[in-house]
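S.K.: Turn this into a model:
(one chain, ligands or ions: 5)
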Amino acid sequence: MTSLHLSAKQEMVERFLDAAARGDLTQVSTLLSNAASLINETGYSGWTALMLAARNGHYHVVEALLSHGCDKFSVNSSSHTAFDIAKFWGHRHISDLLGRTDNSCQRVLPGFDLNQHENYFNRETLDRLAVKRTDKVWLEAKQSNPDTVYLLFSNLSPMVNSSQEDDNARVETKLCRFRYEAVKELLQKPATVLIFLGVEKRKKPSSSSSKTEEGVQEPPAWFAISTNEDPAALFKLCREKNCSFPKLPNRDLLKFSEEEAGVVAQARSTLAWHDRYSFCPTCGSSTKLEEGGYKRSCLNSDCRSLKGVHSTCYPQVCPVVIMLVIHPDGNQCLLGRKKIFPAGMFSCLAGFIEPGEAIEEAVRREVEEESSVKVGPVQYVSCQPWPMPSNLMIGCMAVAISTDIKVDENEIEEARWFPRQQVIDSLCRGATVFLNPSRMADAQQTIKDNLYVSV
Ligand SMILES: NC(=O)C1=CN([C@@H]2O[C@H](COP(=O)(O)OP(=O)(O)OC[C@H]3O[C@@H](n4cnc5c(N)ncnc54)[C@H](O)[C@@H]3O)[C@@H](O)[C@H]2O)C=CC1
Ligand SMILES: [Mg+2]
Ligand SMILES: [Mg+2]
Ligand SMILES: [Mg+2]
Ligand SMILES: [Zn+2]
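M.R.: Ligands and ions are numbered 1, 2, ... in the order given. Sure, this is the predicted structure:
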């Protein structure tokens, strides 16, 4: 190419950039129809047409450039994208457009290909039968029914029975199940907390089902008991050997079968709420248990919490977003490690949703707080109850619109972009590139599901 060609081209680029900066939509469109390659050109300033239009608030020019497929992730010499520039200059309608409505970003997301996931702790083997929680007569009859199953919790740990499996030395943990006769004295103790968990979901009635007066068979009911009695005395109530109350929830609660894990999550989170909310949060008075252990009502008859519906009377769940952030190139993802993680472990970033905040906004805020990376489109993937003590992990996938990382050192020790193949090798082929979160955690499910999408 000769110098004459170069200068002619440069002249055309500058005319194009000037039109974008002035908001001259007609000239931008005309020049683009003559020379489509202008779209991502940068002039002497190092800014693209999109950046200039975003800087000066020309919404329709930004829209036109996006519709012509411009690269909205390119950065100027200060590493700012058009999104950053629009945000800085207060053109919120433009930053919204650049941040959230981009088809090239959406294409990275799995969209309608998403499957329904069953995560650990998700399986509901009991029908919670909430309608029966206010039926005291029914609940009392169920308590003394010989088919009824009781689980025992001490210090928020369920009593379990662990047996070493022969072949691969895997330790299997099973819940210890008790009958009424074994626990009836415990039920009388003032410190005992009793929760009605539900009745077994059954397709076919079995011989162990009890019959009501009308002769209709009902499946066994399940209750959870929380007690502060001496564990040594509690072990004597169980016919099994090798019983224990596991001490490390984040490790030990992940060893149940899928069937039992869901019941453990329900019982432990509800008991944890009782443990922390024994006094009325509104006036500080004592409270009493109601509705099968799903409500605590204040004993002060003047208390505000007795007028109308108050969430403080019911078990609380903390929503947490956990997100796999994909690099704009579609081939890397952002993972971080907290100081408390075992050496070499990286995971998805996560954070509590704040009051008045939507899931998507919480994802954008937490990622930016923890890594400085800005996020555009966000898509929900799947969720997982996490009973340590009562989170709902909301797994999302998101596309970054900036790539520089600066971690919040209070929370994150290190965050990096990991190539897709490295993560897949680590998750699936046991390559020891880096350690992953527990296979039971939503983080791993989210990583797996989404990295597979376009492998
Ligand atoms: N990959 C991960 O980081 C995983 C995280 N989790 C769980 O997700 C939860 C939230 O993740 P973080 O990164 O810790 O959240 P985060 O990024 O919001 O930071 C936690 C800090 O926020 C404050 N905070 C605000 N609201 C809070 C609330 N409702 N409860 C407790 N602290 C609150 C506390 O100062 C706390 O230290 C944690 O409980 C963690 O166990 C579970 C699995 C994986
Ligand atoms: Mg966090
Ligand atoms: Mg955070
Ligand atoms: Mg937070
Ligand atoms: Zn009160």
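
S.K.: CA only for contacts and neighbour counts going forward, please
M.R.: Will do.

S.K.: Could you check how far the nearest residue to residue 91 once chain neighbours are set aside is from residue 94?
M.R.: The shortest distance from residue 91 to any non-neighbouring residue, by C-alpha to C-alpha, 6 or more residues apart in numbering, is to residue 57 (5.8 Å). Residue 57 is 7 Å from residue 94, where distance means C-alpha to C-alpha, to the nearest Å.

S.K.: average pLDDT for stretch 178-186?
M.R.: In this model, stretch 178-186 carries a mean pLDDT of 96.

S.K.: Identify all contacting residues around it.
M.R.: If you take C-alpha atoms under 8 Å, 6 or more residues apart in numbering as the criterion, stretch 178-186 is touched by 143-152, 192, 227, 237-238.

S.K.: Determine the residues that are contacts of both of residue 57 and residue 94.
M.R.: Common neighbours of residue 57 and residue 94 (C-alpha under 8 Å, 6+ apart) are residue 86.

S.K.: Secondary structure class of the residue in the stretch 201-350 of the chain that ligand 2 sits nearest to, three-state.
M.R.: In the stretch 201-350 of the chain, the residue that lies nearest ligand 2 is residue 350 (4.2 Å; C-alpha to the ion). Following DSSP: H, G, I helix; E, B strand; the rest coil, the label given to residue 350 is strand.

S.K.: So what sits opposite the nearest residue to it once chain neighbours are set aside in the bridge?
M.R.: Spatial nearest neighbour of residue 350, chain neighbours left out: residue 322 (4.1 Å); criterion: C-alpha to C-alpha, 6+ apart. Here residue 322 sits in beta bridges with residue 350, residue 395, going by DSSP bridges.

S.K.: How many residues are close by residue 322?
M.R.: Residues lying near residue 322 (other C-alpha atoms under 10 Å) number 30.

S.K.: ok, it - contacts?
M.R.: Per C-alpha under 8 Å, 6+ apart, neighbours of residue 322: 348-351, 363, 393-396, 442-443.

S.K.: and the closest residue to ligand 5 within the stretch 201-350 of the chain, which of the three is it?
M.R.: Using C-alpha to the ion, the closest approach of the stretch 201-350 of the chain to ligand 5 is made by residue 283 at 4.0 Å. State at residue 283, reduced to three classes by three-state DSSP: coil.

S.K.: Am I right that it is in contact with residue 303?
M.R.: Yes: contact criterion C-alpha atoms under 8 Å: residue 283 and residue 303 qualify, at 6.5 Å.

S.K.: which residue sits closest to residue 286, ignoring its sequence neighbours?
M.R.: Going by C-alpha to C-alpha, 6+ apart, residue 286 has residue 279 as its nearest residue, at 4.9 Å.

S.K.: ok, now how distant is residue 327 from ligand 4?
M.R.: Distance, residue 327 to ligand 4, using C-alpha to the ion, to the nearest Å: 22 Å.
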